[in-house]
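*Asks:* Compute the structure for the input listed below.
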Amino acid sequence: MGWDSVTTMTKLCVASILMDFTLTEEEMTHINSHLSPELDKFSEEDIESFLQHPLKAAEIAQQFTIFPDVDYLIENHHETPNRKGFPNRPNHSKLTVLSAVFNVSQYIAAEIDGKPIKKDLLLKSMKSISKDYYHGNFRDTLKTLKAMYEL
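*Replies:* A predicted model of the protein is given here:
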């Protein structure tokens with residue numbers, strides 16, 4: 001995005017460390033949607049924990065008072081600009097550019113984790129994310145990502 005801020009990078013790093021901290025199952029870190037059929041593999045208790053993990057992790061992040069918006073990033077890391085995400089489904093105007101960068105990054109990271117990173121995999125992830133994320137601040141984030149990798 002052309003940002004050159006240590007504070008912004010630190011916020012993104014702290015948020016990425018804490019965002020899935022409260023998940024009960026490691027496999028759930030690869031699930032991006034509350035509608036994913038992958039959730040069928042888990043118990044009702046685990047699914048409920050998955051649905052609440054952004055809120056619980058955001059509570060933990062509130063302890064990092066030096067970075068007041070890390071909790072906001074974490075709470076909204078599964079939100080989409082078309083209101084199909086979870087847990088709060090805010091309007092896209094409520095999701096900041098930093099949220100857009102974080103959400104797109106975490107989505108793609110979950111999609112490619114453990115796989116050899118190749119252009120085809122990035123193209124597939126970008127195509128997958130575009131249908132739900134190509135609105136508001138997310139549009140510019142996706143355009144910047146595509147330009148970076150000439151996708």
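
*Asks:* what's the burial count for Pro81?
*Replies:* Neighbour count of Pro81, defined by other CB atoms under 10 Å: 24. Every residue, glycine included, has its C-beta placed from N, CA and C.

*Asks:* list the contacts for it?
*Replies:* 92, 95, 100, 132-138 (CB atoms under 8 Å, 6 or more residues apart in numbering).

*Asks:* Which residues does the helix or strand Asp71 falls within contact?
*Replies:* Asp71 belongs to helix 70-75 when assigned by DSSP states H and E. Under the contact criterion CB under 8 Å, 6+ apart, helix 70-75 has outside partners 11-12, 14-15, 18-19, 54-55, 57-59, 61-62, 64, 87-88, 96, 98-99, 102.

*Asks:* center of this structure - which residue?
*Replies:* In the chain, the residue lying closest to the centroid (CA atoms, centre = their mean) is Asn103, at 3.1 Å.

*Asks:* for the closest residue to it other than its chain neighbours, what are its contacts?
*Replies:* Nearest residue to Asn103 in three dimensions, chain neighbours excluded: His77, at 5.8 Å (CB to CB, 6 or more residues apart in numbering). His77 sits next to 15, 19, 54, 99, 102-103, 106 when contact means CB under 8 Å, 6+ apart.
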